[in-house]
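**Student:** A structural model of the following input is requested.
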Amino acid sequence: MVKTFGEFILFLQSMLTRTERVKILWQRTLDEAILIGIDSIFIVMIVSAFIGAVTCVQIAYNLTNPLIPKSTIGYMVREMTILELAPTITSIVLAGKVGSSIAGGLGTMRITEQVDALEVMGINSASYLVLPKILAALLMFPLLVILAMGLSILGGYLAGTLSGAMSASEYVEGIRTDFIPYNIAFALIKSVIFAFLVSAISAYKGYFTKGGALEVGAASTGAVTNSIIAILLADYVLAAVLL
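**Tutor:** Below is the predicted model:
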């Protein structure tokens, strides 16, 4: 465990030495941002909308006390979405999609000796291949989380009104009740930390892949598993420290 953590730290350090020119790094980051962010919009939209809808329906089902106003449903959907569901569930979904893609891509490059070819040409492969992926993840994860917040609340609105559990005015009243702007900042801080964990862990797993095609698959699986565990641990730590 200690040896692996030390190798991970040295791997991160190697990315910051002999970095590429800013123009090349920026172009590589934009290319990775398209793969990480733009290509993940559809799955994030589907997951977040249905999470909001299911959350609203389940809260309405359990909220049977006539003394509690129906607007409480909208309030609870907003709080659960912003504080936990949008940043954490979205990051877990992206860990499966983006993390496996990063690990698989780098693992394939490693076993086909493309990484070694870059090193022979005098290019810092860690900086050229990995750093743009991490920067792109840091840029796109918060944007995807913001999208997930909006669509989850919208999904709750549609589910609550179409099912007859509450009126549109009651839901809107609920999501406007006692709003704390800091919660948005907290969710975005979580998304940045999760982005770094997913991209860095997945890149580490793929970059140091040894063997053949079976090992690439194992690296992808390990990247997703370790990323999800890291997200859950970081989620607890951040909640305990920042809230």
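
**Student:** tell me the buried residues in the host helix or strand of G52?
**Tutor:** Element membership for G52 (DSSP states H and E) is helix 41-62. Across helix 41-62, burial judged by 16 or more other Cβ atoms under 10 Å covers 44-45, 47-49, 51-53, 55-57, 59-60. Bear in mind the C-beta positions are built from the backbone N, C-alpha and C, glycine included.

**Student:** nearest to R18, of these?
**Tutor:** V44 (35.0 Å; Cβ to Cβ).

**Student:** that closest one against A148, yeah?
**Tutor:** Yes. Counting by Cβ atoms under 8 Å, V44 touches A148, with 5.5 Å between them.

**Student:** overlap of the contact sets of these two?
**Tutor:** T90 (Cβ atoms under 8 Å, 6 or more residues apart in numbering).

**Student:** what helices or strands is the next helix or strand after the helix holding G52 leaning on?
**Tutor:** Using DSSP H and E, the next helix or strand after helix 41-62 towards the C-terminus is helix 71-80. The helices and strands touching helix 71-80, judged by 3 or more Cβ pairs under 8 Å, 6 or more residues apart in numbering; DSSP states H and E, are helix 41-62, helix 131-162, helix 168-175.

**Student:** quick one: list the elements packing against the longest one.
**Tutor:** In terms of contacts (3+ Cβ pairs under 8 Å, 6+ apart), helix 131-162 is packed against helix 22-36, helix 41-62, helix 71-80, helix 90-94, helix 168-175, helix 182-207.

**Student:** what angle do that helix and helix 41-62 make?
**Tutor:** On the basis of axes from the mean of the first three to the mean of the last three Cα atoms, to 10 degrees, helix 131-162 is oriented at 40 degrees to helix 41-62.
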